[in-house]
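*Asks:* coords please:
(5 chains)
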Amino acid sequence: MSREVPRVLFANRRPGLTASLAEFERGGGYRGLRRAVAELSPAEVRRLVADSGLRGRGGAGFPTGVKWSFFPHDAPPDKYLVANCDEMEPGTYKDGELILADPHQLVEGLIVSAYALGANRATVFIRYDYERAACALERALAEAREAGYLGEHILGSDFSLEIHVHRSAGRYILGEETALLNGLEGRRPNPRLRPPFPAQKGLFGRPTNVQNVETLACVPHIVAHGPQWFRGLARTPEGAGTKLFGLSGHLERTECFELPIGTPLREIVEEWGGGVWRGRRFKACLPGGASTPFLDARALDVPMDFTALEKAGSRLGTAGVTVFDDRTCMLRVTHNLISFFARESCGFCTPCREGLPMVRECLARLEAGRGTLDDVDWLKEQVPRINLSFCALAQGAMGPLSSLLALFGDEVLDHVGRGRCPLGEG
Amino acid sequence: MKLWRSIRGTLDAFWITLRTLFRRPATIAWPEKRRAPAERFRARIVLTRDPQGKERCVACYLCSAACPVSCISMQSAEAPDGRRYAAWFRINFARCIFCGLCAEACPTRAIQMTPDYEMCRRDPLSLLYEKEDLLIDGPGKDPHYDFYRHAGIGVAAPRGTLPGERPPEDPGSLLP
Amino acid sequence: MDVLDEKTLSELAARVRAYPYPREMVVDVLRAIQERRGWVSDEGVELAAQLLRISPLEVEEVATFYDKIYRRPVGRKVIHLCDSVCCFSRGGEDILKHLEKRLQITLGQTTPDGMFTLLPTCCLGACGQAPAMSVNLRLYGHLTPEAVDRILEEERREVSP
Amino acid sequence: MSPALLSALLTTAHVAVLLGAVLTAAAYLVWFERKLLARMQLRLGPNRAGWAGLLQPLADVIKLLCKEDVIPAAADRTVYRLAPALTALSAILAFAVIPLGEPVQLFGLEHQLVISDLSVGALFLLGLSSLSVYGVTLGGFASSSKYALLGALRALAQMISYELPLGLSLAPVFLLAGSLSLSDIVRAQADFPFAVLCPVSFVLFVIGALAEARRTPFDLPEAESELVAGYHTEYSGMRFGLYFVGEYLNMLVLGSMGTVFFWGGWLGPGLPGPLWFALKVGLFCFVFVWVRATLPRLRYDQLMRLNWRWLLPLALINLVLTAAGAWLLRGGV
Amino acid sequence: MPTLTIDGRTVSVPEGKTILEAAEAAGVRVPHFCWHRALGALGACRLCAVTVLDGPQKGVRMACLTPVQEGMRVSTLDESSWNMRRSVIEWLMANHPHDCPVCDEGGECQLQDMTVAGNHAVRRQRGRKRTFHNQDLGPFIEHEMNRCIACYRCVRTYRDYCGGDDFGVLGSRDRVYFGRFRPGRLLSPFSGNLVDVCPTGTLTDKTSRFRARPWDLEEASSVCPHCALGCAVIPGGRYRELLRVRADPRPQPNDGFLCDRGRFGYGYANRADRPRQARLEGRPGTLAEAVAALRERVEGIARQHGPEAVLLLGSARATVEANALLSLWARRLGAADPVFDLAARRDGAARIFARAAPALRATLADVRQADLTLVCGADPLAEGPLLALALRQAARRGAAVRVIDPRPVPLVCEAERLPLAPTLVPEALRFLAGGNGAGLSQEVLQPLAETKRLFDAARRPVVIGSAEGLGPDGVRALLALVAGASRPDRDAKAALLLPGPSSFACARLASAVPNAQDLRRRLGGGKIRAVVALEVDPLAEAPPAVTGVIEKAELFAALDYLPTATVGRANLFLPSAGPYEQDGAFCDFAGRLRAFARVLRPGTPILHTGKGNHPPRTFSPDVPGGDAAPAWEILAEILGISGGLSGARAEIEKAFSFLQGLAGLRADARDERVLPGGEPPAPPGAPAGPEPAGLRLLLSDPFVGWEPLSAHAAVLEVLRPEDAVYLNPAELARLGLAPGARARVEAQELSEIRVARAADLPPGLAWVVRRRGSALSRLPAGEVFACRVAREEGA
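*Replies:* Numbers count the residues shown, from 1 in each chain, chains lettered A, B, ... in the order given. Next comes the predicted model:
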């Protein structure tokens, strides 16, 4: 907190408190909505968002404007907008923080986005464990409805919207947008075959747009302040806006910060995270949640931006930065990650259902020092093949594994050579 | 040079046959003299039992499928404990050529070849061996093999209790 | 029927009537059933099926998929201990060992007094407070063995003051 | 008793003894071949009938006589019946001109140890060997069976083809002996057997003889792996026996020819002439068996190529060279 | 039509097809598990990996999900896709049990094939294998969950294609479980398809469990004899025992699916009590004796008493050839045409439909492609189960399904119902065709008008009726409706459900004279002295007026392979061969001749001759119980026709011009010939009598229990319906009957005790489901009788 940073999404954040409607409005809330409804056509809103360079904050980083351009705005109702708050990726907790701090931002974002897309029904899909956030959101929805921001004829326009809150009951796979739609429909939440894409046939066979909570929260700010302002927030020319970075792992301070896109990793670790804990040294980190490839110390000066991180061999993902100190066995960490993915697989396609548990067994063997060089070779050949899975879950699991073999291959071989963990663990 | 080699090659052969003429014949005059066949000798076929004394044959029809002269026929049936067994099993030794393909095809080590080769009869019908004629009391070769302990379908022991198996999965389990 | 009380049942039935696709309420109905009994029994699945006008199997397909729908009996408090990478790297395993020792059960089991069921869970969204666990949806972070002891004590007291 | 009558009686007895001896020899040649082959293949061979299986030929004959004589329904019955006899007959007739030794004094008469010492004995032999093709071919055709037909066709082509090198291999011998009488040919070898003088002829003769006798490696007409039994597939009982005997008689005939033409017939030190003759024929038979135990069967195209591309030109060259050599030796007159 | 190259073979396929389908067309086999021709792509197994060498997305792709593009170059042999497929096999085999020897799928197992094809010989995993508990899925399907590879084919078949809702996938990750909520019988009447679609031994046929390996089975292309739809099947038998029936995987006509009646109803062929020996006046004899006796005695009676003394009964389940030869015999004797159906109403309806223009007759494929289907007075699930499945496929494509029937007709798809008394259905059809709807009440007319709007808008409507339900008047209205609606731009078609696999041909063979009605007159004359029943059971199917005459006949001859009541009573019995034991032809409900080939020779199964043990050790040229001959062969012998089947067929072609082409039919080539239309019979002079007053009895057929073949299959016992009489709840109360009470039902001098049940029926109607052997079941279905239902006191 040594540096002055713009505060957009966390402007109303106070520790332990949730901003009320009054607080939100005091800070300029619902200005974007008012402007959109009163001055802009839906197409203009979409244009603003496209110009702002906003990219999805849910992990894939797909440009929101492009995604919206696929949406059939002119199709007859029903059209749906879904806010994805099934935030179950290890290392990621920003959406929960966002809703708890300032739920109205999401509500406004949903309304403006629904206006832009012509959607007449919006649903917030919220994970089981975010019960507090769900309650806060429901309260905010009630307040908004009371204030006329929601319901029939919003702010006197002929635009109407209902927002539902759907509480889930666990399972990481529901974060995948088509699985989420199946879950919303009350079916088994397996990912769906694409095409048809949700924009064509989504919830109940109707056009549906699924967006991350943080993405939606950015939309009213863009409408209120303009795309140029939003682009100017970032520290790299390719980037746009700020980003919620959830810090975790072996850092002195593990909190969620709003920082401009493009903030270098070193600054995040050393200044915002307070440096690696217990005075140890940085060994590696997951820059964007459990499904992103590891970065090692050589990548500390990479700006945390979608394109720059891709060049560095990883992804910005959800920007949940998990840091590991130099006493950590990366094989052990990968084993834990793969266990997570294997357990959270929906069991639909073979590579994920059968392949991941086999990789987990193999890593367990290696970690216990019972592995062989054949096991290492076997792991290497699994990566491209499991990557051919049906949805992105198993592909996400291959991120850490492939980077483990690429960056920490010697450490893995050390396990085989010594017959135990070289770091004395396990 | 090539011609010379051809001629030498031909003459060599003559030398070999001529030399062989003065060697002791390998053939012996059975039945005056008898030789003890090796354990792997392929003669009369038997059906063996597993280490628990139960029939090894699961009547999978693989031996009859492998048999080049179609001398094996059977009918499989299911026992109350879920075991598959041969309701009847017949080998027509009048047709059998003792090639051993049946024993090779047998996935349960039930059908085995023995060294007993002296089984000529004048009446071909008496060479039809039924299950009771074929079944022996012991496990024969590979005495410790027990197919159902490796099959993985919960016949020899309750599901998931054998060394190679995990306990049965419960899709409704509380554990994620 | 003992699975749901009359009031909830009629509320749910009313919502079912209002929805064009009643099936989308399956998680809500199951959670409502679970709220009353702590878990969803076979009868609960059948009731949900009846309510939603789908077959019990179709309810069961969904119920067995979600890990927070309990299809087997649980204790009065369900402890979900996060075992994902952030909590794991900050000593989550030690907390698990401590819990197992303290409650004398292993993962998936319920204490003999029917008080606690100990279950692992994937990330609770409390990575900043690792290691973390939740007890009946109440989140506890920054766990230490001492804190765990205190929490267990408090949770126990809440049920039987 | 008039000498003419005595001579007639003697000749009759000679014929009878020769016939008996030759047939017995043929029968025991079978035993000899089976035993020899067995030993060359590390087997025991016939050992059940009599000591060392010596009664086996007898048992075989009895068996063959007792067997049912089957004639295929579609067969040409007359030719079918006749054909085996033709084979055996042509082989037996050959012995009429083969001299077994110098004339002996019997009951005061000089008796030739040959039934008829024809001045063109050699041609007679060649003619008979050509005739034996008929027995084989007609038998095969008359059987009305595909195997028999194929066997017959093969036999026909093979025997006619190999007659050429066989005949041409003998031409140098006639050249050197200056006679076609077998006795004269034998006597012409008093100093050197022709095998030494014209080894190429001898080799050609042996190969040709093997082919004429349809023996390994030239046993294509009865290649059992392809044609069951070739031209005699359909034959059973004693008719089959006749073919069988014919084949072994043929062996004896060819052995005798080899002995007469190349190894000086009955000539030899110490032992009486006929014994020498028998020994030499026996040696030939041994070689025939030895070849059978050693060489595999040729393919049909190889068989034909060997004859037309190698043996025939070689025989012609040999003839020319021998003629030239003889001409030079005699001083170029 | 994009053109692409697969493994060097060039192929053009329609736009939108996937690489996998293109490969199939090019003759390149791409390994797959979850893809299924009728179910489409899913993308779960990931086995169909191929390498796209040239195309918009290069690299390893799933063949089943990648649409073809012009100029694509695809390799299935490329190392990277080959490696992917190897890995998929390795993953699947890591937990697959080592039990192929005791698995019934062994020999026709796709996983086995793929494991061998993928060179997977050594399990590289050291981990322990996953296990599951199995469920009892009832008497038809065996469940072995350990063998499952989670290809999801079963769920998609059972739920999506067949419309069942009690089988699905439970759990998640690597413990997904395919089963039911609770153990128990699978309730869908199409559950047997799980056996065919499961690529491993997870779901296998319990009825033939452990009986034979596929390579030992004698199989042949055949036609299902259980109803008139003519589904293509491949029965398999061994040791003279019919062991299983599977659907022909080819798409036409039944799309590779079968109903449980057709699949599991084969037990009649193996019954120990099946009559296999000829019988003359109670004395066993040879077939030759019996044939000679039959000819002499029938000809004798015809000479002595005139040809009208001979009554020949044809059969819906005998082959077309046998029925045609029977007709020919009647001609030669100078007797009246055989009676092919004892139910006059059904017979009349069938004869009209059999003469309709071929273009108006819908096939199963037409039903699947339809955009509107009307089901009037028919119960497809009972009378032609695959038609109900075809209806579901139409509904899945978005077709509306409307049911006009007083009964709560069960279907496997969503349908809108309009309960209408059977007598009013023809009028409703006339209304749809543009009639004024006289006689229809206002509350019926309103939904009918809505239906008419839909019908007029539909481009490919199919109207489905049943011969029993519609009767002659209804069929006329039905044909008039579709004929009037057919225009160049739209294709309206009609389907009529008929009782048996030869019904259509029989109806065509029957002369235009209404012979079933004529029968009453002939029976009344008391002239009948000889009755020949060809594979028909009049004693169980005909009312007492008919059976009384038959039983009194001087000669009562029966040809059959089922142990029916008729066979028991006949004084001359000739064993005939069952449908899978002969070559012959059936004729499906759309009038297409369908040839089938012999699977087994007739004979007592070794199962019975060996009494569960090995067959006896004797040499004999005779097959035990092998005296039976195909009915057409017996009749050809009687008629003096030589030359086997082709001789008989040539003779038939000569005699019946509409059967032209019969001789050229071949079973394996799936030859079809459509019977031409003809001049419909004149309407009967007097319409059916007035509707009886008071309580009316309506009979209908069940899925299992009436159809003669499956009624003799013991394994289907569980599917047999309860002996119940269904009444409107108000009616029940009026009669003083509680649901579950025993009630005596009387109609037409027949009476029977049944359990009273409430059902969603119009008032004034008592509904009884027929069961072979029960008294009321001798009444014809479709007609309405006055009846009495009263409480039955006492035990």
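*Asks:* A:R57 against A:T242, yeah?
*Replies:* No: distance between A:R57 and A:T242: 10.2 Å, which falls outside the contact criterion (C-beta atoms under 8 Å). (C-beta placed from N, C-alpha, C; glycine too.)
*Asks:* which ones are touching A:A11?
*Replies:* A:G27, A:G28, A:D102 (C-beta atoms under 8 Å, 6 or more residues apart in numbering or on different chains).
*Asks:* switch to 10 Å and redo it
*Replies:* Contacts here follow C-beta atoms under 10 Å, 6 or more residues apart in numbering or on different chains; on that basis A:A11 touches A:A19, A:E23, A:F24, A:G27, A:G28, A:G29, A:A101, A:D102, A:Q105, A:H221, A:E258.
*Asks:* ok, those residues vs chain C, which is closest?
*Replies:* A:A101 (13.0 Å; C-beta to the nearest C-beta).
*Asks:* for that closest one, which non-adjacent residue is spatially closest?
*Replies:* What sits nearest to A:A101 in space, not counting adjacent residues and going by C-beta to C-beta, 6 or more residues apart in numbering or on different chains, is A:R13, at 3.9 Å.
*Asks:* in chain B, what residue is nearest chain A?
*Replies:* Using C-beta to the nearest C-beta, the closest approach of chain B to chain A is made by B:P176 at 5.7 Å.
*Asks:* my read: that residue touches C:P120, true?
*Replies:* Yes: with contact defined as C-beta atoms under 10 Å, B:P176 reaches C:P120; the gap is 6.6 Å.
*Asks:* overlap in contacts, these two.
*Replies:* With C-beta under 10 Å, 6+ apart as the test, B:P176 and C:P120 both reach A:R343, C:D67, C:H80, C:D83, C:L107, C:G108.
*Asks:* my guess is the fourth one contacts C:L107. True?
*Replies:* Yes: with contact defined as C-beta under 10 Å, C:D83 counts as touching C:L107 (9.0 Å).
*Asks:* so for the two, which sits in the more crowded spot?
*Replies:* Legend: neighbour count by other C-beta atoms under 10 Å in any protein chain shown for C:D83 and C:L107, higher for C:D83 (25 against 17).
*Asks:* so what's the more buried one up against?
*Replies:* The contact partners of C:D83, taken as C-beta under 10 Å, 6+ apart, are A:90, A:336, A:339-340, A:343, B:176, C:92-93, C:95-96, C:107, C:119-123, C:131, C:133.
*Asks:* hang on, the earlier thing: shared neighbours of A:R57 and A:T242, which are they?
*Replies:* A:L9, A:E214, A:C218.
*Asks:* format those residues as TSV; extra columns: pLDDT, neighbour count and distance to A:P400.
*Replies:* Putting the shared contacts of A:R57 and A:T242 into TSV (pLDDT from 0 to 100; neighbours: other C-beta atoms under 10 Å in any protein chain shown; distance: C-beta to C-beta, whole Å) gives the following:
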residue	pLDDT	neighbour count	distance to A:P400
A:L9	90	23	28
A:E214	94	29	23
A:C218	93	28	28
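*Asks:* which of the residues you listed sits closest to chain D?
*Replies:* Checking the shared contacts of A:R57 and A:T242 against chain D by C-beta to the nearest C-beta gives A:E214 as the nearest, at 84.1 Å.
*Asks:* for the residue nearest to the closest one when sequence neighbours are not counted, helix, strand, or coil?
*Replies:* Excluding its sequence neighbours, the residue lying closest to A:E214 (C-beta to C-beta, 6+ apart) is A:R57, at 3.8 Å. Taken by DSSP: H, G, I helix; E, B strand; the rest coil, the conformation at A:R57 corresponds to coil.
*Asks:* just E:L665 next, same as before
*Replies:* Secondary structure, three-state DSSP: E:L665 is coil.
*Asks:* before we move on, what about C:L143?
*Replies:* Once three-state DSSP is applied, C:L143 turns out coil.
*Asks:* am I right that it is in contact with C:E93?
*Replies:* No: with contact defined as C-beta under 10 Å, C:L143 does not count as touching C:E93 (11.6 Å).
*Asks:* for D:D117, which non-adjacent residue is closest in space?
*Replies:* That would be D:S183: by C-beta to C-beta, 6+ apart, it lies 5.2 Å from D:D117.
*Asks:* and the one you found, what's its pLDDT?
*Replies:* pLDDT, D:S183: 85.
*Asks:* state the helix or strand in which it lies.
*Replies:* Mapping D:S183 onto the secondary structure by DSSP states H and E places it in helix D:182-187.
*Asks:* measure stretch B:50-61 end to end?
*Replies:* 18 Å (C-alpha to C-alpha, to the nearest Å).
*Asks:* mind checking what secondary structure the residue most central in space within chain C has?
*Replies:* Nearest to the geometric centre of chain C sits C:K68, at 4.9 Å (C-alpha atoms, centre = their mean). Applying three-state DSSP to C:K68 yields a three-state assignment of coil.
*Asks:* roughly how far does E:R522 sit from E:N323?
*Replies:* 19 Å (C-beta to C-beta, to the nearest Å).
*Asks:* what does A:S168 give?
*Replies:* Taken as C-beta to C-beta, the span from A:S168 to E:N323 is 64 Å.
*Asks:* out of the two, which sits in the more crowded spot?
*Replies:* Counted by other C-beta under 10 Å, A:S168 and E:N323 do not tie: E:N323 has more neighbours, with 31 against 25.
*Asks:* so what's the closest residue in space to the residue nearest to the centre of chain C that isn't next to it in sequence up against?
*Replies:* Closest residue to C:K68 apart from its sequence neighbours, by C-beta to C-beta, 6+ apart: A:G170 at 3.7 Å. Going by C-beta under 10 Å, 6+ apart, A:G170 touches A:86, A:88, A:127-129, A:344, B:176, C:27, C:65-69, C:80, C:121-122.
*Asks:* so for the residue nearest to the spatial centre of chain E, what's the pLDDT?
*Replies:* Taking C-alpha atoms, centre = their mean, the centroid of chain E lies closest to E:C227, which sits 3.9 Å from it. For E:C227, the model assigns a pLDDT of 92.
*Asks:* helices and strands around the host helix or strand of E:E427, which ones?
*Replies:* Per DSSP H and E, E:E427 falls inside helix E:425-432. Secondary-structure packing of helix E:425-432 (3 or more C-beta pairs under 10 Å, 6 or more residues apart in numbering or on different chains; DSSP states H and E): strand E:372-376, strand E:400-404, helix E:442-457, strand E:461-466, helix E:467-485.
*Asks:* give the residue farthest from the middle of chain C.
*Replies:* Outermost in chain C, C-alpha atoms, centre = their mean: C:P20 at 28.8 Å.
*Asks:* surely that residue meets A:D78?
*Replies:* Yes: using C-beta under 10 Å, C:P20 is in contact with A:D78, at 9.2 Å.
*Asks:* can you pull the contacts of A:A397?
*Replies:* Shown in contact with A:A397 (C-beta under 10 Å, 6+ apart): A:290-291, A:334, A:337-342, A:344-345, A:351-352, A:355-356, A:359-360, A:383, A:386-387, A:389.
*Asks:* now, these that are in helices?
*Replies:* In this view, these that belong to helices under DSSP state H are A:334, A:337-342, A:344, A:356, A:359-360, A:383, A:386.
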